[in-house]
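Engineer: requesting a structural model of the entry that follows:
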Amino acid sequence: MKTKTITYVAIFSAIISILSIISIPTPWGVPFTLQTFSISLAGFVLGKKYGTLSVIIYLLLGAIGLPVFAGLTGGIASFVSITGGFLFGFIFLAFLCGKNNIFYTILGIFICHLLGTIQFSFLTKTNILNSLIIVSLPYLIKDLLSIFLAYFISKKIKKSIYKNI
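Structural biologist: Numbering: from 1, shown residues only. Next up is the predicted model:
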């Protein structure tokens, strides 16, 4: 990997970390955050390989205990919490956004929501339909807007990056 690539991956891991801790708590335990936006942005700008790598680094930082997840949380326990499925889903979201195709991007959101809903349902012993209503539907419009905003911003960022090379 080139130094420039390593730098971009690190920068996007930091951006994801910063935007993830900005959260609005909810009574059901799944906060509103800017994670979807930042992870989509990483995928769109860096592509499937390096965008996914930046998300994996972000997840590893959280796994070792750095407070980079929503609500300034971190640690391995986050992956087995009611929001842990979304953390795993972020890997797929970044990869699929990196393909720069609207179908794959929406598939990435679907997979992320599906994994999050399944884990929430399992841990709270809530049926899957009620879990979808609680932890997916309220976030769907925000997440779709986030990926579209990330897509348009990524165009400007990529133009600026390539212009300066």
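Engineer: per-residue confidence at residue 51?
Structural biologist: As summarised for this prediction, residue 51 has a pLDDT of 98.
Engineer: mind checking how far residue 134 is from residue 27?
Structural biologist: Distance, residue 134 to residue 27, by Cβ to Cβ, to the nearest Å: 10 Å. Bear in mind the C-beta positions are built from the backbone N, C-alpha and C, glycine included.
Engineer: neighbour-wise, which of these two wins?
Structural biologist: residue 134 (21 against 6; other Cβ atoms under 10 Å).
Engineer: and the more buried one, which helix or strand is it part of?
Structural biologist: Using DSSP states H and E, residue 134 falls within helix 128-135.
Engineer: what's that helix packed up against?
Structural biologist: Here helix 128-135 is seen to pack against helix 102-124 when contacts are counted using 3 or more Cβ pairs under 8 Å, 6 or more residues apart in numbering; DSSP states H and E.
Engineer: tell me the mean pLDDT over the helix it packs on?
Structural biologist: 97.
Engineer: likewise for stretch 151-162?
Structural biologist: The average pLDDT for stretch 151-162 rounds to 92.
Engineer: please compute how far that stretch lies from its chain's middle.
Structural biologist: 19 Å (Cα atoms, centre = their mean, to the nearest Å).
Engineer: check which residues of that stretch are buried.
Structural biologist: Buried residues in stretch 151-162, counted by 16 or more other Cβ atoms under 10 Å: 151, 154.
Engineer: contact partners of that stretch?
Structural biologist: For stretch 151-162, the surrounding residues in contact (Cβ atoms under 8 Å, 6 or more residues apart in numbering) are 8, 40-41, 44-45, 97, 105.
Engineer: mind redoing it with 6 Å?
Structural biologist: Residues external to stretch 151-162 that are found in contact with it (Cβ atoms under 6 Å, 6 or more residues apart in numbering): 41, 44-45.
Engineer: the lengthiest helix in the chain vs helix 102-124, what angle?
Structural biologist: When the chain is parsed with DSSP state H, its longest helix is helix 35-63. Using axes from the mean of the first three to the mean of the last three Cα atoms, to 10 degrees, the direction of helix 35-63 lies 50 degrees away from that of helix 102-124.
Engineer: what's helix 35-63 packed up against?
Structural biologist: Counting contacts by 3 or more Cβ pairs under 6 Å, 6 or more residues apart in numbering; DSSP states H and E, helix 35-63 is packed against helix 3-21, helix 84-97, helix 137-163.
Engineer: can you do 10 Å?
Structural biologist: Here helix 35-63 touches helix 3-21, helix 84-97, helix 102-124, helix 137-163, going by 3 or more Cβ pairs under 10 Å, 6 or more residues apart in numbering; DSSP states H and E.
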